[in-house]
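Asker: for reference, the sequence and a predicted model appear below.
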Amino acid sequence: MPATYLTHATLVLPDRVLHDSALLIEDGHIAAIEPAAVPAHATEIDLHGHTVMPGLVDVHCDAIEKEVEPRANVLFPLDFAVAQVDRRNAAAGITTPYHALSFAGNHFGVRNVDTAATLVRTVAAYRRHSLVDNRIHCRYEVTDAGAVLVLEMLMAEGVVDLLSVMDHSPGQGQFKTLDAYLAYMMGNHGMSREEAAEAAGKKAAALEGAHERVNRLVAMAHELGIPTASHDDDSPQRIAAMQALGVRMSEFPINLETAQVACAQALPTILGAPNVLRGKSQSGSMRAIDAIHAGVGTILCSDYQPSTLIAAAYTAARQADLPLNEALALVTANPADACLLGDRGRLAPGLRADVIAVSSVAGQPMVTHTWSGGRLVFAAGYPSTQRVADGESLPREAAVREVA
């Protein structure tokens, strides 16, 4: 793989921002920041002030489900869907996406256990062709007894990279009332009210034995070194219960008190980038920006829309008054650390060359280049761009030439 020399860039390092700087990529890794020497015949890319940062790490995004099932009960071929979501992530600057696949019974289309398991294996099979480092986040619905053996098999096969446990029973967590649950099932899964009510009844009845099932799966994940998370934690008591099981992260805590307790117990909290952009939760839970401002928002994930991740990081920088390097850590270093990925998430010599360049287009931070493991996997040429960091106009697109 030829060396790549990025010049005239604004580099976002873990502890500071360097203007008019340079970075060298060689053999799939970051070789140097402001290198003293550049290999002969390296490809130089003059970024004209674009902001360069680590590739984004997205610990939870179920956009792949919409690629498979764009409308209720309309399923595309799985290999086609996987290829398309891979391209979406490259364009969004997400070099390490964790595709969140739900194992939630046989009532929810693509969330059917057998379909979800096949999709996990399809993602794994596509990895050797992929633009970015596609990973799998298996979400276990605690009311689904039938998914336990399937998830154990997938973990044993080595195709699960993150395991989370979730309870979508009405009356707690995301669905604080039965009506909230019914509205979601009718809107997202095309059910009639009667079908949604029947699903709610079955879910309540299936809670028996949930604790034992969760304990069994989390214990296996620990044995295999797979990070774990809980979903929609709604109280300090839930945090304590999840921590007792050894769960490592708290996804989408419902309220500020729960997020505070999670952070006090050294559990990273995962919040939704769409929540930051919209300024509110889709389910009436706390605003993500409030948790970030309070210092108890550790990680942003794209949840269901990959393009929101970079935009939310910049929004968080403005609204929570964070330095750019700290805001970008929400989508780079922090999720990498939480998922035990010590080889990425920062611009530092020796780390994997997952690198993106960002510019301002009509006031929006847009990814212009994505390198995954040192390979340029996405590039876009906008008619006019600006430095995101300082707003200075840029008259030219990034220019490429070979270093003599």
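Answerer: The structure has been received and is ready for your questions.

Asker: low-confidence stretches in the stretch 151-300 of the chain?
Answerer: By pLDDT under 70, the weakly predicted segments of the stretch 151-300 of the chain are 168-181, 188-190, 198, 200-208.

Asker: all helices for it, in order.
Answerer: In the stretch 151-300 of the chain, the helices defined using DSSP state H, counting those that start in this stretch lie at 178-189, 193-205, 210-224, 236-245, 256-264, 273-278, 288-293.

Asker: list just the one of those that sits closest to Gly109.
Answerer: Checking the helices of the stretch 151-300 of the chain against Gly109 by C-beta to C-beta gives helix 178-189 as the closest, at 6.5 Å. The way it works is simple: take the backbone N, C-alpha and C, and place the C-beta from them, glycine included.

Asker: need the helices of the stretch 151-300 of the chain in a markdown table (columns: distance to Leu6).
Answerer: Formatted as a markdown table, these follow (distance: least, C-beta to C-beta, whole Å):
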| stretch | distance to Leu6 |
| --- | --- |
| helix 178-189 | 42 |
| helix 193-205 | 51 |
| helix 210-224 | 37 |
| helix 236-245 | 42 |
| helix 256-264 | 35 |
| helix 273-278 | 26 |
| helix 288-293 | 29 |
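
Asker: out of these, nearest to Pro2?
Answerer: Closest to Pro2 of these, according to C-beta to C-beta: helix 273-278, at 33.9 Å.

Asker: and that closest one, what does it pack against?
Answerer: Counting contacts by 3 or more C-beta pairs under 8 Å, 6 or more residues apart in numbering; DSSP states H and E, helix 273-278 is packed against helix 288-293, strand 299-301, helix 308-319.

Asker: and if we set it to 10 Å?
Answerer: Helix 273-278 sits against strand 56-61, helix 288-293, strand 299-301, helix 308-319, with contacts defined as 3 or more C-beta pairs under 10 Å, 6 or more residues apart in numbering; DSSP states H and E.

Asker: would you turn the ones you listed into JSON lines with distance to Ser192 and mean neighbour count?
Answerer: JSON lines is the format used below for the helices and strands packed on helix 273-278 (distance: least, C-beta to C-beta, whole Å; neighbours: other C-beta atoms under 10 Å):
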{"stretch": "strand 56-61", "distance to Ser192": "29", "mean neighbour count": "29"}
{"stretch": "helix 288-293", "distance to Ser192": "33", "mean neighbour count": "23"}
{"stretch": "strand 299-301", "distance to Ser192": "32", "mean neighbour count": "30"}
{"stretch": "helix 308-319", "distance to Ser192": "31", "mean neighbour count": "22"}
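
Asker: and Ala197, which of the ones you listed is closest to it?
Answerer: So among the helices and strands packed on helix 273-278, strand 56-61 is nearest, using C-beta to C-beta, at 28.4 Å.

Asker: quick one: average confidence on the closest one?
Answerer: In this model, strand 56-61 has a mean pLDDT of 98.

Asker: how far off centre is the following helix or strand past it?
Answerer: Sequence-wise, the next helix or strand downstream of strand 56-61 (DSSP states H and E) is helix 63-68. Centre-to-centre, helix 63-68 and its host chain are 14 Å apart (C-alpha atoms, centre = their mean, to the nearest Å).
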